[in-house]
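Student: heads up, no residue letters with this:
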C-alpha cells in the first residue's frame, strides 16, 4: 500500500559508506520524544490523572497485545489498520487498536459488575500518519470508563464533567463538548425513511459532516449508497440542528420525531444529561447538543461525545460514548455490563500545548535540578561529590559537574541554560569554617541574587526555604 | 516450540456453548494489572522517578517498535527471543527487547554527545515465562543511563548510588549491589590461559555461577567448550573472590594478574569506583566486588552491576554496566559515545512488595477518594450531585453513590470498604441552614469520629484541615 512506502530521508549523507549498516530511524508514523516534549507530556498526564482520581477512579493496565480474535468484529472497516504480530509459533496476536475493547475483555474475563477505571497507554493503528497534526501510528490514549448499572445518564454526565475539567485545567482556551445520542440518530433515520439495514452506513456518512460539506455527504448517501434524494434532504433538516438544553425542548415538541420510540427515548436521555451536567456545574457554553455528531465506531449504543478546541485546527481532542453491548460480546453467557467512557486524544493536546509554549518563548525545564554544587577550585572536586551526596540524602535535587577542573563561569552558565534556581559554591576558607556560599540565580531583584553564607548543616533547610519563597520548587 | 503451547485454562466452563466465540485470556506470559496492583506500581514508579530526578536526569520515550535491523547483532543468542511484527507491507519491525539499544539508537540518530536520561517502559521477550517469580514476556524496565565523557568512573559510581537509594527508599530489606569489570574478567581469562576467541563463551559460563554450582560450570567449560581443566581451575581461584575495597588492594598486589594490562586497568577502575561510592556515602555493606559476576550481554565493556535482595528468592532486581561501543555501532562514522547505565527489574520489585503487603494484611487503597457525599434522604439525590460538583471545583477528591435511593448505612459501609476517610451527610434541616454534617471515619479515638456541623462554604477548607491532621491526604 502506498501508505507503507518507506519514508524518504530528509537529508542524505554526503558519502554513503559501505559499512553503514543501519537505517537510523524510527518506524514510519512513530517518533521519539525528547526531554523537552516529555516535560509537556508529564504535565498533561499529571493533570488528567489528577482529575480522574478526583472522581474516584481506579487504574488498570492490560498487555499491549491481545489475541487477534479478541479484536476482530469490533472496529468495522478499520480492522485492516490493526498491527499483527508475526506467527513465531504459539498464539496469534495483534497490537491493541484502542483501550476500550481490552477494557471490555478485562471486565468480562474478571466478571466485574461495576468499576470506574482509567487507563493511560499507547495504542497502534496502521493508518496514514499526519505527523504535524499529531496523527501517529503509535499514540497515547487516556481513557476513563464507568461500567455498571447506575441512575440513568448519571455516569454519562460525569464523563462530560470530567472532560470539561480536564480541558479547563489544561488551559487550552475555549472548547466545546459535542453530544448526541445513537438512539436519536437512528430514530431520525427511521422517521426520514432510511431502511433499517442502512442505518449504520448512513450514520458513517453523517459522521463526515464535521469535515465535509453537506453536498458531498448527500452525494455519498444518494449516489454511492442508493438513498432516495428526498430522504437525504429530510435527514439534512435534522442534522443541521445544534444547541443547548433548549434544543431538547424543540425536539420533544416535534411530534413526528417523537412518534418514534427510540428517538423519543434518545431526546429524553439528552434532557436528563443536560440536567445532570447542570447539577455538576458544567458551564453550558461548553456542551453542545449537535445532531450531526455520529462517531465512526459500531459499538456505541447511547450517548456519544466529541470535544473540539475552538479556533485550533487539530480535530477532536476527546471522544467516546455509551457501549452497553460490548462486554456481553465477550461473556460466554452474553451477560451485559452497561458501560460509558471517554478517551482523551492526548497527542493532539501535546501538539497544541507545545505550540503555545513556543509562541510564548518560555523555555521549559528539562530536568528538575534545584541546586548546582559548584566550586572554582579544582582540588575541591571530591568535596563537591561529598556535598552532592549530603544533599541527595536530604532529598534535594542536586547536580555537580562531573569533571575535576570545571570552571565557576561554566557552572554559572550551566545554571542559566538549565534554569537551575540555586548554586552552592564551596571554597577552601568556607570549608574550614564549615560553611558554603549559596546564591539564588533568579532572585526577585533584577540580575543575580546576593550570595549568602550558610552553615553546611543548615544547607538543606535553607535551600528548601529559598525554593519555597521563589515558588520554583518542582 | 514447547514454550509456546497454548496455556491450559485453569478452570473449564461447565457447558461449552456453541456461540462462545472468545477465548477470554491475555496472551501467554502477559497479564492484566488490577487496581490493587496498580497502586503498588504507581508507588514504585514514583519512588524510582523521584530518585532519577534528584540526580538531574531528563526523561525520553521511544517507540515500542524498532526496525528489526536496529536490534540485530546486539543480543547474541537471545536474538531468537525478539517478537517480530507481521509483514503487512512496508518496514520490517520488531518489538524492543530492552531500553538500552533504543537509547543507543536515539543518541546516535540525534548526534547527542552528553545526556543523563531515564526511561520507564515495557519491553518484550518471547522467553519461557515464570509468572510466580515475576518473569513475564511483557515487562517494565526502569533504566537510567549516562552518556558522554566525564571524570573516569564517576557516572559509573553514580549508577551504584542511584540503585542504592532506590532499593533503600523502597524498604525492601537488606540488599547488595554486586560489581565487577569486564576488562578485569578478560584479564583473568588471559592470565589463566583462556584463548582470546573463547573469552565471551567462558564469560557466559561464569555468568551462571550465581545459580549453578562450580562443578557444573566447570563441566560446561571443559566438556562442552573444550577448555583445559587446569585453566578452568585457575579461573575458579579468581571467581570465588568477593569483598569490598580491600579486595581491590589484594588484586593490585597480585603481580601475575597485574602483569596483564587490561586486568590492571580493571582493578584500578574498581578502586576509583569504590572511592567515589564512598564520597557519595554509599553504605559499604551495600556494594560487593564479586569476581563471579559476568552478565550475559555482549555489549558491556567496563564495569558491570547486578543487585540482589538478601533473603528473597526473586533473582536480580537491577543490572547494567558500561557499554562504550554500542552508540558507535549506530553511527555512520562509527563515532563512539561512552555510556553507562542500570536497569531496575521492577516486576520483581512489585512481586516482593505485594508479598510484603499481603503478609502485613494492610489493605491498599485502590482509589484516593477523600470524602463520600452521603444522605439518608432520597429527595436529596440532586443535592448530593451539586455538592460533589462544588467539592470537585475545590480540588477535593469526592464521590457520591450514583443511585437515587442509596441508604446511609450502605454509604457508611462503602467508606469502610474503600478506606474513605471522611463522609459528608446532607439533611433537609442542614440544607435549610446552609450547613452539612461532616464525620471522620478514622478519628484518633476508637470507633467513629464525632459528627461536626460545618458551614457549606467552609467545607473544602475543613476537609483539607481534617485530612492534613490525620495524615490521610493522598
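Tutor: Thanks, I have it. As the structure is a prediction and not an experimental result, all values here were calculated from the model.

Student: Okay, buried residues for stretch A:42-57 please.
Tutor: With burial defined by 16 or more other C-beta atoms under 10 Å in any protein chain shown, the residues of stretch A:42-57 counted as buried are A:44, A:45, A:47, A:48, A:49, A:51, A:52, A:53, A:54, A:55, A:56, A:57. C-beta coordinates here come from the backbone N, C-alpha and C atoms, glycine included.

Student: surely residue A:269 meets residue A:152?
Tutor: Yes - contact status for residue A:269 versus residue A:152: in contact at 7.2 Å, counting by C-beta atoms under 8 Å.

Student: higher neighbour count, these two?
Tutor: Taking residue A:269 and residue A:152 together and counting by other C-beta atoms under 10 Å in any protein chain shown, residue A:269 has the greater number of neighbours (20 against 15).

Student: The more buried one in helix, strand or coil?
Tutor: The three-state assignment at residue A:269 reads helix, by DSSP: H, G, I helix; E, B strand; the rest coil.

Student: just to revisit the earlier point, which pair in the buried residues of stretch A:42-57 has the greatest spatial separation?
Tutor: Greatest spatial distance among the buried residues of stretch A:42-57 (C-beta to C-beta): A:44 and A:56, at 21.1 Å.

Student: Please enumerate the helices of the stretch 351-474 of chain A.
Tutor: In order along the chain, the stretch 351-474 of chain A carries the following helices (DSSP state H, counting those that start in this stretch): A:381-393, A:408-417, A:428-433, A:459-470.

Student: Now do the shortest one, average pLDDT.
Tutor: To tie it back to what came earlier, the one meant is helix A:428-433. What helix A:428-433 shows for mean pLDDT is 93.

Student: ok, now stretch A:462-474?
Tutor: 79.

Student: before we move on, the earlier item: please tabulate the helices of the stretch 351-474 of chain A in a markdown table, including the columns mean neighbour count and distance to chain B.
Tutor: Below are the helices of the stretch 351-474 of chain A laid out as a markdown table (neighbours: other C-beta atoms under 10 Å in any protein chain shown; distance: least, C-beta to the nearest C-beta, whole Å):
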| stretch | mean neighbour count | distance to chain B |
| --- | --- | --- |
| helix A:381-393 | 20 | 4 |
| helix A:408-417 | 15 | 11 |
| helix A:428-433 | 12 | 14 |
| helix A:459-470 | 16 | 12 |
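
Student: now for the ones you listed, which one comes closest to residue B:88?
Tutor: Nearest to residue B:88 among these is helix A:408-417 (44.5 Å), distances taken as C-beta to C-beta.

Student: Stretch A:168-180: which residues count as buried?
Tutor: Judged by neighbour count using 16+ other C-beta under 10 Å, the buried positions of stretch A:168-180 are A:170, A:172, A:175, A:176, A:177, A:178, A:179, A:180.

Student: Within the helices and strands, which one has the residue lying closest to the last one once chain neighbours are set aside?
Tutor: In other words, residue A:180. Take residue A:180 and drop its neighbours on the chain: the residue closest to it by C-beta to C-beta, 6 or more residues apart in numbering or on different chains is residue A:293, 4.0 Å away. For residue A:293, there is no enclosing helix or strand under DSSP states H and E.

Student: quick one: residue A:293 and residue A:45, what's the gap?
Tutor: Residue A:293 sits at a distance of 27 Å from residue A:45 (criterion: C-beta to C-beta, to the nearest Å).

Student: Surely the residue nearest to residue A:180 touches residue A:306?
Tutor: Yes - checked against C-beta under 8 Å, the pair residue A:293 and residue A:306 is within contact range at 5.6 Å.

Student: hey, what's in contact with both of these two?
Tutor: Overlap between the contact sets of residue A:293 and residue A:306, as judged by C-beta atoms under 8 Å, 6 or more residues apart in numbering or on different chains, is given by residue A:178.

Student: Take the buried residues of stretch A:42-57 and write them to TSV, including distance to chain B and secondary structure.
Tutor: TSV is the format used below for the buried residues of stretch A:42-57 (distance: C-beta to the nearest C-beta, whole Å; DSSP: H, G, I helix; E, B strand; the rest coil):
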residue	distance to chain B	secondary structure
A:44	13	helix
A:45	11	helix
A:47	12	helix
A:48	14	helix
A:49	9	helix
A:51	8	helix
A:52	9	helix
A:53	5	helix
A:54	5	helix
A:55	7	coil
A:56	4	coil
A:57	6	coil
